[in-house]
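> Output the structure for:
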Amino acid sequence: MYSLSRDVYYKGFSENVDKCLTYHLTSTGKYTSGTEDWDIVYSRFLTVIYLSIFIISV
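So this is what the prediction gives:
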């Protein structure tokens, strides 16, 4: 996300980009609060595969 008024980028990850943007636009957190012009400048969908490895000792 980028804020033109603050000239700052904020990076993070989310399963729901729209929900994340809404959260930061209405946030009371210390980093993103008070900034009403956050905009998504880059988004990438990633597929995550979880692997479990079991080691059995004999």
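
> which stretches of the protein form strands?
2-3, 8-9, 38-39 (DSSP state E).

> pLDDT at Val17, what is it?
In this prediction, Val17 carries a pLDDT score of 88.

> what's it in contact with, if anything?
40, 43 (CB atoms under 8 Å, 6 or more residues apart in numbering). From N, CA and C alone the C-beta is placed, and that goes for glycine too.

> mind running it again at 10 Å?
Residues in contact with Val17 (CB atoms under 10 Å, 6 or more residues apart in numbering) are 1, 40, 43-45.

> For the protein, give me the ranges with low pLDDT.
51-58 (pLDDT under 70).

> again, only using 90
1, 10-17, 20-21, 23-36, 42-58 (pLDDT under 90).

> what ranges do the helices span in it?
17-25 (DSSP state H).

> thinking again about what came up before, narrow the contacts of Val17 to those that are buried.
Met1 (16 or more other CB atoms under 10 Å).

> Distance check, the closest residue to Ser27 other than its chain neighbours against Tyr42.
Leaving aside its chain neighbours, Ser27 sits nearest to Ser33 (4.9 Å; criterion: CB to CB, 6 or more residues apart in numbering). Distance, Ser33 to Tyr42, by CB to CB, to the nearest Å: 22 Å.

> mind giving me CSV with the contacts of Val17 and columns for distance to Gly29?
Formatted as CSV, the contacts of Val17 follow (distance: CB to CB, whole Å):
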residue, distance to Gly29
Met1, 13
Ile40, 18
Ser43, 21
Arg44, 23
Phe45, 25
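
> For Thr28, state which of the contacts of Val17 is nearest.
Met1 (16.7 Å; CB to CB).

> quick one, what contacts the closest one?
8-12, 17, 20-21, 24-25, 32, 35, 37-43.
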